[in-house]
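Participant: Test case, fold it:
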Amino acid sequence: MNAGPPQSSAAPAQAKALNCPHCGASLTLRSFNNAVTIVCSSCHSILDAKDPNLKILQTFEKTVETDRPLIPLGTRGKIRGVQYEVIGYQRRTIYVEGVPYSWHEYLLFNPYQGFRYFTEYNGHWNDTSTLRGLPTIRPGIVPSATYLGERYRHFQTAEASTTFVLGEFPWQVRVGEIAKVSDYISPPRVISSEQSGNEITWSMGEYMAGRDVWKAFNLPGSAPQPVGVYENQPSPVSGMTTSIWLAFSALMLALVVILIGCSAMQRDEQAFVGDYAFNANGARGEPSFVTDVFELKGHTSNVEVVTDTNVNNSWIFLNYALIDQDTGHAFDFGREVSYYHGYDSDGSWTEGKSKDSVIIPQVPPGHYYLRVEPESDPGMGFIRYSITVRRDVPNYTFYGLAFLALLVPAVLITWRSLSFEHLRWAESDYAPLMGGGS
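Facilitator: Predicted coordinates for the structure are as follows:
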């Protein structure tokens with residue numbers, strides 16, 4: 001949630017020392033005549049800064065140690081090149097299903113630039129200032145607001161109460177004061193309306209990393225680590241999803257063009273075909289044989305060996321060697337072809353297939369023959385099979401792997417983006433609608 005003080009013109013001012021009329025503690029008025037109320041850090045009295053006698057407007061009790069500001073009052077730092085001083089601090093609380101959620105606001109002051117403030121929730125920070133114009137609100141299932149041409153989606157509306165204050169403020173601050181706060185987001189920005197009575201104030205916050213806050217104010221140690229995903233926190237993959245899918249589409253188009261071009265250039269020639277039978281019942285010793293010599297023409301290319309069998313609830317294993325007749329160089333490989341089918345309690349089933357194909361890459365042209373050694377279980381009878389050899393055939397394995405290599409990063413980034421948005425909207429008024437929890 002973001003809300004803030006009304007913008008006011010700031011005149012040059014000097015810090016003024018005062019004393020609390022309730023406990024006598026010293027007070028420092030840093031915004032001088034801009035202050036409307038000031039809070040005593042000792043007795044927690046809210047005083048009327050416009051009254052020469054500092055009239056006591058309200059007193060309250062500090063309840064928890066976490067009310068100690070992470071940026072101490074009086075700390076100075078540069079924001080967008082302008083030096084500001086932290087002069088006020090308050091805790092705001094909303095209740096969702098009876099559970100309190102609190103954030104903190106730090107009021108900053110520069111005598112020439114006026115007021116701006118930081119908000120902090122669970123380590124998430126926003127640099128916030130009051131809008132100079134009014135956004136245009138459009139109703140809908142998820143209402144939206146348009147400001148300076150940018151569309152913001154409604155995130156949450158809740159009643160926020162002021163539960164702790166310190167320092168000085170240019171408006172009448174009260175512990176227990178309740179305001180209706182509505183947030184509209186367009187990460188990394190959020191615009192918020194705060195309605196108190198008939199008065200509505202609009203502000204804009206821009207997400208800021210805690211380390212940048214610590215650097216701006218030269219604070220010791222490290223900023224608290226942010227917890228969870230905040231409403232206007234920019235996604236770590238913001239802007240990458242669209243660009244990576246555009247890159248994927250362009251690369252896929254190039255891949256398809258290459259595939260079509262290569263396929264058109266490949267000759268896909270049949271070099272050899274032969275039909276054979278293997279008697280598994282009567283095999284003795286090594287039932288190996290060699291085929292007739294065939295020629296692989298043209299340039300060095302891949303070679304496909306296709307084995308087509310009549311196995312039926314059986315199998316055959318073939319030890320192959322593609323041998324160059326002139327050099328004796330051999331390409332050794334083995335292929336098992338098996339096919340089974342039947343019925344069980346789940347119905348019909350099949351396993352394997354009766355046809356097999358293997359591609360041998362980079363085979364030089366020349367005269368070749370195949371040495372074939374078939375084997376199977378005794379009792380399988382005659383197993384008939386054919387062997388077909390083709391050269392320079394299209395091989396789509398590379399293109400499949402290239403497709404996956406391009407697809408996986410795009411899917412992972414998209415998944416990260418969707419997961420981040422799921423966590424963001426899970427905290428909104430539209431959790432079920434936007435994919436959050438119920």
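
Participant: how about the strands in the stretch 251-400 of the chain?
Facilitator: Ranges of strands within the stretch 251-400 of the chain are 269-279, 289-290, 294-296, 301-309, 314-324, 330-344, 347-353, 355-363, 366-375, 382-391, based on DSSP state E, counting those that start in this stretch.

Participant: what about those strands, which gets the closest to Leu18?
Facilitator: Proximity to Leu18 (CB to CB) singles out strand 355-363 among the strands of the stretch 251-400 of the chain, at 88.0 Å. Any C-beta I mention is one placed from the backbone N, CA and C, and that applies to glycine too.

Participant: now the closest one: mean pLDDT?
Facilitator: Averaging pLDDT along strand 355-363 gives 94.

Participant: Pairing partners for it, with directions?
Facilitator: The pairing partners recorded for strand 355-363 under DSSP bridges are strand 301-309 (antiparallel).

Participant: Please list the residues outside the partner strand that contact it.
Facilitator: Here strand 301-309 makes contact (CB atoms under 8 Å, 6 or more residues apart in numbering) with 266-267, 271, 296, 316, 318, 320, 322, 333, 335, 337, 339, 354-363, 370, 383-393, 395.

Participant: And the buried ones among these, selectable in PyMOL?
Facilitator: In PyMOL syntax, the buried subset of the contacts of strand 301-309 is picked out as below (16 or more other CB atoms under 10 Å):
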select buried, resi 271+296+316+318+320+322+337+339+354+356+360+363+370+383+385+387+388+389+390+391+392+393
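
Participant: Format the strands of the stretch 251-400 of the chain as a markdown table; extra columns: distance to Ser102.
Facilitator: Below are these laid out as a markdown table (distance: least, CB to CB, whole Å):
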| stretch | distance to Ser102 |
| --- | --- |
| strand 269-279 | 77 |
| strand 289-290 | 86 |
| strand 294-296 | 79 |
| strand 301-309 | 68 |
| strand 314-324 | 71 |
| strand 330-344 | 62 |
| strand 347-353 | 60 |
| strand 355-363 | 66 |
| strand 366-375 | 77 |
| strand 382-391 | 74 |
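
Participant: Among the ones you listed, which comes closest to Gly114?
Facilitator: Counting by CB to CB, and looking across all of the strands of the stretch 251-400 of the chain, nearest comes strand 355-363 at 73.2 Å.

Participant: Just the CA trace of that closest one, in CSV.
Facilitator: Extracted C-alpha coordinates of strand 355-363, given in CSV (Å, rounded to 0.1, in the frame of the first residue of the first chain):
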residue,chain,number,x,y,z
LYS,A,355,10.8,-52.6,-38.4
ASP,A,356,14.1,-50.9,-37.5
SER,A,357,16.2,-48.1,-39.0
VAL,A,358,19.6,-46.8,-38.1
ILE,A,359,21.7,-44.1,-39.7
ILE,A,360,25.5,-44.2,-40.0
PRO,A,361,27.0,-40.7,-40.5
GLN,A,362,29.8,-39.7,-42.7
VAL,A,363,30.4,-42.8,-44.9
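
Participant: could you check the distance from Arg416 over to His422?
Facilitator: 11 Å (CB to CB, to the nearest Å).

Participant: list the contacts for Val86?
Facilitator: Applying CB under 8 Å, 6+ apart to Val86 gives the contacts 69, 71-77, 106-108, 167, 217.

Participant: For it, identify the helix or strand it belongs to.
Facilitator: strand 82-96 (DSSP states H and E).

Participant: partners of that strand in the sheet?
Facilitator: strand 76-79 (antiparallel), strand 99-110 (antiparallel), strand 150-169 (antiparallel).

Participant: so can I have JSON lines of those showing distance to Val303 and mean pLDDT?
Facilitator: Converted to JSON lines, the strands paired with strand 82-96 look like this (distance: least, CB to CB, whole Å; pLDDT from 0 to 100):
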{"stretch": "strand 76-79", "distance to Val303": "71", "mean pLDDT": "94"}
{"stretch": "strand 99-110", "distance to Val303": "69", "mean pLDDT": "94"}
{"stretch": "strand 150-169", "distance to Val303": "60", "mean pLDDT": "94"}
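
Participant: Asp127 is nearest to which of these?
Facilitator: From the strands paired with strand 82-96, taking CB to CB, the stretch that ends up closest is strand 76-79, at 6.4 Å.

Participant: And that closest one, what's buried?
Facilitator: Across strand 76-79, burial judged by 16+ other CB under 10 Å covers Gly77, Ile79.

Participant: Now do it: distance to the chain's middle.
Facilitator: 32 Å (CA atoms, centre = their mean, to the nearest Å).

Participant: now what about it, what contacts it?
Facilitator: Contacts for strand 76-79 (CB under 8 Å, 6+ apart): Ile71, Gln83, Tyr84, Glu85, Val86, Leu108, Arg116, Asp127, Ala216, Phe217, Asn218.

Participant: Please repeat the previous calculation with a cut-off of 7 Å.
Facilitator: The set of residues external to strand 76-79 that reach it, using CB atoms under 7 Å, 6 or more residues apart in numbering, is Gln83, Tyr84, Glu85, Leu108, Arg116, Asp127, Ala216, Phe217, Asn218.

Participant: Can you tell me which of those is closest to Gly239?
Facilitator: Distances from Gly239 to those, taken by CB to CB, are shortest for Asp127, at 20.9 Å.

Participant: That closest one: neighbour count?
Facilitator: 19 (other CB atoms under 10 Å).

Participant: same check, this time on Tyr368
Facilitator: Quick note: Tyr368 (other CB under 10 Å) scores 26 neighbours.

Participant: Same question for Ser144.
Facilitator: 16.

Participant: cool, and Asn281?
Facilitator: Asn281 - counted by other CB under 10 Å - has 12 other residues nearby.

Participant: Next one: it from Leu219, what distance?
Facilitator: 88 Å.

Participant: Show me what the residue nearest to Gln325 when sequence neighbours are not counted bridges to in the sheet.
Facilitator: Spatial nearest neighbour of Gln325, excluding adjacent residues (CB to CB, 6 or more residues apart in numbering): His367 at 4.4 Å. Using DSSP bridges, the bridge partners assigned to His367 are Glu295.

Participant: Count the neighbours of His367 for me.
Facilitator: 13.

Participant: For it, which residues are in contact?
Facilitator: Val293, Glu295, Gln325, Asp326.

Participant: Show me how the record splits this protein into domains.
Facilitator: The record's domain split for the chain, according to automatic domain parsing, is 16-216, 240-262+398-435, 270-393.

Participant: Can you say which of those is nearest to Glu231?
Facilitator: For the domains of the chain, proximity to Glu231 was assessed by CB to CB; domain 16-216 is nearest, at 5.1 Å.

Participant: Strands of the stretch 101-250 of the chain, start to end?
Facilitator: Using DSSP E, counting those that start in this stretch, strands in the stretch 101-250 of the chain cover 114-121, 124-130, 136-138, 144-147, 150-169, 178-186, 189-196, 199-208.
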